[in-house]
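Peer 1: Here you go, sequence then predicted model.
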Amino acid sequence: MSARAAPERATAFAPASVGNVAIGFDILGFSVEALGDRVSVSRRAAPGVAISAVRGVAGELPQEPRDNTAGRALLAMQEALHLEFGFVLEIDKGIPLGSGLGGSAASAVGAVVAANALLPTPCGKLELLKFAMAGEAVASGSRHVDNIAPALFGGLVLTVGIDEPRVKQIPVPAAVRAVTVHPHMFLATAKARAILSRSVELSDFVWQTAHLAGFISGCYTDDLDMIRASFEDVVIEPQRQALIPGFQEVRRAALAAGALGCSISGAGPAMFAWTLEPSAPAVLAAMRREFAARELASDGWITELRGAGARVIG
Ligand code: HSE
């Protein structure tokens with residue numbers, strides 16, 4: 001791409017996302033564009049990154065750039081591109097921390113998308129993905145892409161590879177909606193990852209790979225029965241469900257209200273379901289009711305599975 005006169009300041013919106021989508025641990029996710037983070041980036045003469053403000057639903061984030069997902073992502077960008085100028089960041093959090101809705105990923109993605117608008121020669125999305133991944137690792141302790149990639153690209157996204165990621169936006173049958181419910185409690189991603197066993201039974205491996213293949217092929221071929229039959233995580237969900245009060249009841253209620261499937265959103269505690277559009281309000285109400293029965297207030301959203309991903313908004 002050729003050099004251009006770049007602006008001094010830009011603001012980007014990056015949506016929330018649901019990681020794993022039950023059967024694609026660390027590799028599959030979809031964007032939830034009803035909420036997200038806004039990140040403003042300004043150029044400054046001195047190299048390095050400074051954070052001037054963190055506002056919104058998670059104002060307690062680290063202001064030291066190395067310890068902040070957005071700050072670390074921009075440091076990775078600076079280092080890779082040998083930039084001679086620096087960045088000042090302002091972060092407006094719309095996604096609660098520890099919700100399982102990809103909040104750390106959204107801040108990192110918003111930062112690199114806004115900073116990219118300030119570069120004389122902008123980077124492509126795959127390069128931005130790698131910078132954002134460095135930021136995400138600060139929060140969760142590992143480089144995983146299942147929130148970063150959908151927040152950046154939008155819709156249902158499969159990512160293959162870490163150092164040289166390949167990204168595929170997967171079409172979802174038009175009538176399907178995502179229902180996402182966030183019970184008001186905090187669950188640290190690092191904790192929800194630390195409890196996971198390092199080994200998998202051979203029979204579970206067979207079921208999980210069958211379900212992932214069935215799910216993806218069902219999406220490509222508009223096969224709702226295949227999606228429904230494949231919507232079961234036999235590896236991660238059984239280990240994590242005890243961290244979420246009412247998990248089984250919420251899932252059962254969603255399925256009884258007509259959902260194709262229901263599982264944990266990312267590391268939790270948020271949960272999500274896929275359902276056909278007419279039953280989406282009933283599925284949302286059923287899931288929230290079960291959380292309320294456990295004295296957990298919640299927020300919920302019904303969204304399409306074809307979002308635009310992160311974008312510059314000002
Ligand atoms: N795939 C990640 C996990 C998402 O489930 O731990 C959380 O960021």
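Peer 2: That came through, no problem.

Peer 1: Assign the residue nearest to S230 when sequence neighbours are not counted to helix, strand or coil.
Peer 2: Spatial nearest neighbour of S230, excluding adjacent residues (CB to CB, 6 or more residues apart in numbering): G214 at 3.4 Å. (C-beta placed from N, C-alpha, C; glycine too.) What DSSP: H, G, I helix; E, B strand; the rest coil gives for G214 is helix.

Peer 1: gap between G214 and T121?
Peer 2: Distance of G214 to T121, given as CB to CB, to the nearest Å: 42 Å.

Peer 1: In terms of neighbours, single out the busier of these two.
Peer 2: G214 (20 against 11; other CB atoms under 10 Å).

Peer 1: contacting residues for that one?
Peer 2: By CB atoms under 8 Å, 6 or more residues apart in numbering, G214 lies in contact with M226, I227, A229, S230.

Peer 1: Please indicate which of those residues are buried?
Peer 2: For these, a burial check counting by 16 or more other CB atoms under 10 Å picks out M226, I227, A229, S230.

Peer 1: quick one: which of the residues you listed is nearest to the ligand?
Peer 2: Closest approach to the ligand among the buried ones among the contacts of G214 (CB to the nearest ligand atom): S230, at 18.1 Å.

Peer 1: Tell me the confidence at that closest one?
Peer 2: Here the pLDDT value assigned to S230 is 98.

Peer 1: Around the ligand, pick out the residues from the chain.
Peer 2: When proximity is defined by CB under 6 Å from any ligand atom, the chain lies next to the ligand at 19-20, 25-26, 140, 144, 146-147, 189, 192-193, 266-267.

Peer 1: switch to 8 Å and redo it
Peer 2: Taking CB under 8 Å from any ligand atom as the test, the list of the chain residues beside the ligand reads 19-20, 25-26, 29, 100, 102, 104-105, 136, 139-140, 142, 144, 146-147, 189, 192-193, 196, 236, 240, 264, 266-267.

Peer 1: Okay, strands next: where are they in the chain?
Peer 2: Assigned by DSSP state E, the strands in the chain fall at 9-19, 28-44, 49-56, 86-93, 156-160, 166-170, 176-183, 261-264, 271-276, 298-303, 311-312.

Peer 1: got CSV for those strands, with mean pLDDT, distance to A210 and mean neighbour count too?
Peer 2: Shown next, in CSV, are those (pLDDT from 0 to 100; distance: least, CB to CB, whole Å; neighbours: other CB atoms under 10 Å):
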stretch, mean pLDDT, distance to A210, mean neighbour count
strand 9-19, 98, 21, 26
strand 28-44, 98, 15, 24
strand 49-56, 94, 41, 16
strand 86-93, 96, 38, 22
strand 156-160, 98, 16, 22
strand 166-170, 97, 17, 14
strand 176-183, 98, 21, 25
strand 261-264, 98, 15, 25
strand 271-276, 98, 18, 26
strand 298-303, 98, 28, 19
strand 311-312, 98, 36, 14
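
Peer 1: next one: stretch 102-122 to chain centre, how far?
Peer 2: 15 Å (CA atoms, centre = their mean, to the nearest Å).

Peer 1: residues contacting T209?
Peer 2: By CB under 8 Å, 6+ apart, no residues touch T209.

Peer 1: Can you give the domain ranges for the protein?
Peer 2: Domain assignment for the chain, taken from automatic domain parsing, gives 9-169+307-312, 176-303.

Peer 1: among the ones you listed, which gets the worst mean confidence?
Peer 2: domain 9-169+307-312 (a mean of 94).

Peer 1: now the helices for the stretch 201-314 of the chain?
Peer 2: Remark: helices assigned in the stretch 201-314 of the chain by DSSP state H, counting those that start in this stretch are 202-220, 224-230, 237-240, 247-256, 280-293.

Peer 1: and if you look at the stretch 1-150 of the chain?
Peer 2: Ranges of helices in the stretch 1-150 of the chain, per DSSP H, counting those that start in this stretch, are 69-81, 103-116, 125-140, 148-153.

Peer 1: can these go into TSV with extra columns for mean neighbour count?
Peer 2: Output for these, formatted as TSV (neighbours: other CB atoms under 10 Å):
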stretch	mean neighbour count
helix 69-81	23
helix 103-116	32
helix 125-140	23
helix 148-153	32
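
Peer 1: Can you add distance to P165 and give these back as JSON lines?
Peer 2: Shown next, in JSON lines, are the helices of the stretch 1-150 of the chain (distance: least, CB to CB, whole Å):
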{"stretch": "helix 69-81", "distance to P165": "14"}
{"stretch": "helix 103-116", "distance to P165": "14"}
{"stretch": "helix 125-140", "distance to P165": "6"}
{"stretch": "helix 148-153", "distance to P165": "7"}
